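> How does the following fold in three dimensions:
(one chain, ligands or ions: 1)
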Amino acid sequence: MTATHCPYCALQCAMHLDRGADGVLTVRPADFPTNRGGLCRKGWTSAELLTAADRLTTPLLRRDRDAGLEPVDWDTALDHVVDRVRAVQAAHGRDAVAVFGGGGLTNEKSYQLGKFARVALGTSQIDYNGRFCMSSAAAAGNRAFGLDRGLPFPVTDLAGAEVVVLAGANPAETMPPLMGHLAGPRLVVVDPRRSATAREALRRGGVHLAPRPGTDLALALGLLHAARSEGLLDDAYIAARTTGFAAAWRHAAAWWPERAEHVTGVPAARIREAARLVGAARRAYILTGRGVEQHASGTDTASAWINLALALGLPGRVGSGYGCITGQGNGQGGREHGQKADQLPGYRRIDDAAARAHVAAVWGVHPDGLPGPGRSAFELLDALGADGGPRALLLFGSNPVVSAPHATRVRDRMAALDLLVVADFVLSETAALADVVLPVAQWAEENGTMTNLEGRVLRRRRAVAPPQGVRTDLEVLHGLAVRLGQDAEGFPTDPDAVLAELRAASAGGAADYSGVTPERLAGGEALYWPVPEDGTPTPRLFLDSFAHPDGRARFTPVEYRPSAEQADGDYPLLATTGRLMGHYQSGAQTRRIGELAAAEPEVYVEVHPDTAARCGLADGERAVVESRRGTTVARVRTCPGARLDTVFLPFHYPGEQAANNLTNPALDPTSRMPEFKVSAVRLRPYTDR
Ligand code: SF4
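Residues are numbered from 1 along each chain as shown. Model prediction:
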């Protein structure tokens, strides 16, 4: 029996992997505070991933663009990669080689990938897919609290609340065991869809607010206005623990509920009802998810919800608070250790001289030799093969031709590269385009640590050896770094050796892991960061003070601005995207699990029956969904609870079923997160193609 954690989402449910007499591993849920013996169907079926029929067990090489991928040995593959990388950098400079990571990689891999890019390759061009899913709330959290940790409190605290607001989050579908912590509180769900979570809220006497996509910021301003009008703000808290309320209020003062209704479509009476519910509660939480963040104004939208939480006196109090529900398995740890374009390990800014000096000393290099900030994820993908952009890309733990916005464009950019290298355990849609594919181990085949949505560091344990011919990501990085002239000791393959260096690199940083030792993890200690060396973990942040120098949280003045794209005569509907219970991210893993693929075998477009009829469509028929960027062919699923002006598509499917063929890469100016959640579209029957 091996005690470990689920390979998928940020709840990181605990499980046991048991080996049967036939040698086959099966999953058994474990009693752990976050999942309390529960798993969703993805977790239950996760052992099947280890025996996926199309596991890659040998490197693959495409010798020229018109040729197919052919099996080669590891030395041939790694030598080829390094020869081509050297040639590209000699011709075009160090930044002509880029690295792209993922929010599902362990802490050790995230750390090593950043070091590999900046030290072994000397490139500034590294970012990761977490830019697409958490960067807006991270930016908003940093400016409000001086520190970003998704949930700055244990998830178990939620059960004691009277009211929980879930804005742009659908945990009943995406993270079902989390709902066990929300069984007691009344729920206020903010989502354009009548989602599974919204239905649960209504069933239990809660509230569902369904704003027009892209108007959440206006709704949050309307709620703040209503709460103040009802005398529900915590004036003593605002005075004692915050700064900037007056400036923020100047923007909110004009957002009386009737004006918010005009923009959002949510009746003013419902806005007042929700404000009274959360404002009158003695213990309440406001939680946000991707629906708040994935907008060209995502950072300001997250700030608007944080402003509301601060005005009600929630953050930094036991039994109340604000938090962001991270999505990817290591969405929290993945953004702390240096695979982001603008950060170094310890959640340090890459443009901070002291941070550069600290990390450079750990890495044994001169600070002046460390590259500066690079392009953000979509900007990096969009520059591939373009004048001045990267000409080679090394990609780990991501499948961007399915999961990136404007996916057809990303696919075209990949085709313009001189070299595409993909490390994956199967031939994902992106790997299929590569010049070199490196077969790597997956979750239960290697050790490592993950940081869950609460900021708790967890041990992921090896339960089975990888198939013969497969290497770990750390072994791949070691092999490449040594060929690039680095000392072997600088790129260890043992995850615990990488963790030891990560601890030193993070010491004194915002996300301080210096007390995260294998021994403490093995002992089952609840290591919520920051964990200073020999210090105590921090389950609850901000109880005494926030992380700004003056100890106060900051209100941010924010103003509503419309989404980058509006519905019009040509594209009269708004499309929004999200996840299903049976699938995870690009679906590269879950589409390979028989039970999950059978449950949700194809993309659908959720649409109100009247809207479907206006488009000449009926339930179960196939439709072509078109935006200005591309098309998706989807099965029509009518839903009487849907907004008349809004359709929804899950984004787990590739090719002509890819919802991201439609999505808009308009970027938030602060977080550089794309506007996945609002695209103007039109629908027509598939037969009209
Ligand atoms: Fe738990 Fe998430 Fe895994 Fe489901 S996918 S079992 S909610 S960690």
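> need the contact list for Arg391.
Contacts for Arg391 (C-beta atoms under 8 Å, 6 or more residues apart in numbering) come out as Val88, His92, Ala96, Val97, Leu384, Gly385, Leu417, Asp418, Leu419. Heads up, the C-betas are built off the backbone N, CA and C, glycines and all.
> Can you check the pLDDT for it?
Arg391 is assigned 98 on the pLDDT scale.
> Any idea how far stretch 335-353 is from the middle of the chain?
17 Å (C-alpha atoms, centre = their mean, to the nearest Å).
> hmm, back to that, most neighbours among the contacts of Arg391, please name it.
Tallying neighbours with other C-beta atoms under 10 Å puts Val97 at the head of those, with 26 neighbours.
> Isn't it up against Ala91?
No: Val97 lies out of contact with Ala91 (C-beta atoms under 8 Å); the separation is 10.9 Å.
> quick one: the residue nearest to Ala144 when sequence neighbours are not counted and Ser320, what's the gap?
Nearest residue to Ala144 in three dimensions, chain neighbours excluded: Ile306, at 4.6 Å (C-beta to C-beta, 6 or more residues apart in numbering). Noted for Ile306: a distance of 13 Å to Ser320, by C-beta to C-beta, to the nearest Å.
> ditto for Val476
Applying C-beta to C-beta to Val476 and Ser320 gives a distance of 45 Å.
> Same check on Pro674?
Taken as C-beta to C-beta, the span from Pro674 to Ser320 is 32 Å.
> Ok, Gly93 next?
51 Å.
> what about Leu224, which SS state?
Here Leu224 is helix, with the state taken from DSSP: H, G, I helix; E, B strand; the rest coil.
> got a list of what it touches?
Trp249, Ala252, Trp255, Ala304, Asn307, Leu308, Ala311.
> So what's the residue count around the fifth one?
In this case it means Asn307. The burial count for Asn307: 31, using other C-beta under 10 Å.
> what pairs with His208 across the strands?
Val189 (DSSP bridges).
> tell me, what residue is most central in this structure?
With distances taken as C-alpha atoms, centre = their mean, Cys133 lies nearest the centre of the chain, 3.4 Å away.
> helix, strand or coil for the closest residue to the ligand within the stretch 501-650 of the chain?
Nearest residue of the stretch 501-650 of the chain to the ligand: Tyr584, at 6.5 Å (C-beta to the nearest ligand atom). Secondary structure for Tyr584, judged by three-state DSSP, is coil.
> didn't it look like it was pressed against Tyr8?
Yes: assessed by C-beta under 8 Å, Tyr584 is found in contact with Tyr8 at 4.7 Å.
> So for these two, which residues contact both of them?
Going by C-beta under 8 Å, 6+ apart, residues that sit against Tyr584 and also against Tyr8 are Lys42, Thr590.
> For the stretch 351-500 of the chain, which residue gets nearest to the ligand?
Closest point on the stretch 351-500 of the chain to the ligand, by C-beta to the nearest ligand atom, is Asn452, at 8.5 Å.
> Not counting sequence-adjacent ones, nearest residue to that residue?
Gln12 (4.0 Å).
> Just list the residues touching that neighbour, thanks.
His5, Cys6, Thr34, Gly329, Met450, Asn452, Leu453, Leu458.
> Could I get the residues you listed in a markdown table, plus columns for neighbour count and secondary structure?
Below are those laid out as a markdown table (neighbours: other C-beta atoms under 10 Å; DSSP: H, G, I helix; E, B strand; the rest coil):
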| residue | neighbour count | secondary structure |
| --- | --- | --- |
| His5 | 26 | strand |
| Cys6 | 26 | coil |
| Thr34 | 24 | coil |
| Gly329 | 30 | coil |
| Met450 | 28 | strand |
| Asn452 | 27 | coil |
| Leu453 | 25 | coil |
| Leu458 | 22 | strand |
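> Could you dump those residues into a markdown table and include pLDDT?
As requested, the contacts of Gln12 are exported to a markdown table (pLDDT from 0 to 100):
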| residue | pLDDT |
| --- | --- |
| His5 | 97 |
| Cys6 | 97 |
| Thr34 | 96 |
| Gly329 | 89 |
| Met450 | 97 |
| Asn452 | 97 |
| Leu453 | 96 |
| Leu458 | 97 |
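> closest to Asp235 among these?
Leu453 (31.7 Å; C-beta to C-beta).
> thinking the closest one is in contact with Gln328, fair?
No: if you go by C-beta under 8 Å, Leu453 and Gln328 don't touch, sitting 9.8 Å apart.
> Which residues of the protein lie near the ligand?
The chain comes close to the ligand at residues 6, 8-9, 11-13, 35, 39-40, 42-43, 175-177, as judged by C-beta under 6 Å from any ligand atom.
> and the two most separated of those?
Farthest pair in the residues of the chain next to the ligand, by C-beta to C-beta: Gln12 and Pro176, 14.0 Å.
> picking that back up, got the residues of the chain next to the ligand as TSV, with distance to His208 and secondary structure columns?
Compiled in TSV, the residues of the chain next to the ligand are given as follows (distance: C-beta to C-beta, whole Å; DSSP: H, G, I helix; E, B strand; the rest coil):
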residue	distance to His208	secondary structure
Cys6	29	coil
Tyr8	27	coil
Cys9	23	coil
Leu11	23	coil
Gln12	28	coil
Cys13	27	coil
Asn35	26	coil
Leu39	27	coil
Cys40	22	coil
Lys42	25	helix
Gly43	27	helix
Met175	18	coil
Pro176	18	helix
Pro177	22	helix
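> any shared contact partners between Leu453 and Gln328?
Common neighbours of Leu453 and Gln328, counting by C-beta under 8 Å, 6+ apart, are Ala10.
> Give me the distance between Ala404 and Asp352.
Taken as C-beta to C-beta, the span from Ala404 to Asp352 is 29 Å.
> hmm, I was thinking of Ala198
Counting by C-beta to C-beta - Ala198 and Asp352 are separated by 42 Å.
> If you count surrounding residues, which of the two has more?
Taking other C-beta under 10 Å, Ala198 and Asp352 do not tie; Ala198 has more neighbours (24 against 13).
> Buried residues, the helix or strand hosting that one. List them.
Remark: Ala198 resides in helix 196-203, with elements defined by DSSP states H and E. Buried residues in helix 196-203, counted by 16 or more other C-beta atoms under 10 Å: Ala196, Thr197, Ala198, Glu200, Ala201.
> Including pLDDT, could those go into a markdown table?
Putting the buried residues of helix 196-203 into a markdown table (pLDDT from 0 to 100) gives the following:
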| residue | pLDDT |
| --- | --- |
| Ala196 | 96 |
| Thr197 | 98 |
| Ala198 | 97 |
| Glu200 | 97 |
| Ala201 | 97 |
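> Turn the residues you listed into JSON lines, including distance to Pro562.
Below are these laid out as JSON lines (distance: C-beta to C-beta, whole Å):
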{"residue": "Ala196", "distance to Pro562": "28"}
{"residue": "Thr197", "distance to Pro562": "26"}
{"residue": "Ala198", "distance to Pro562": "24"}
{"residue": "Glu200", "distance to Pro562": "31"}
{"residue": "Ala201", "distance to Pro562": "27"}
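> okay, how far is it across stretch 97-105, tip to tip?
Stretch 97-105 stretches 21 Å from its first residue to its last (C-alpha to C-alpha, to the nearest Å).
> And that stretch, how far out from the chain middle?
That offset, for stretch 97-105, works out to 13 Å (C-alpha atoms, centre = their mean).
> Could you check which residue of the stretch 201-350 of the chain lies nearest the ligand?
Gly329 (7.2 Å).
> where does that residue fall, phi/psi-wise?
For Gly329, the backbone dihedrals (degrees, to the nearest 10) come out as phi -50, psi -40.
> now it, nearest residue through space, not along the chain?
Closest to Gly329 by C-beta to C-beta, 6+ apart is Gly104, at 4.6 Å.
> do the same with Glu379
Arg672 (6.7 Å).
> okay, now that neighbour: neighbour count?
Counted with other C-beta under 10 Å, Arg672 comes out at 23.
> quick one: the helices in the stretch 551-689 of the chain?
Shown for the stretch 551-689 of the chain, the helices assigned by DSSP state H, counting those that start in this stretch span residues 594-599, 609-614.
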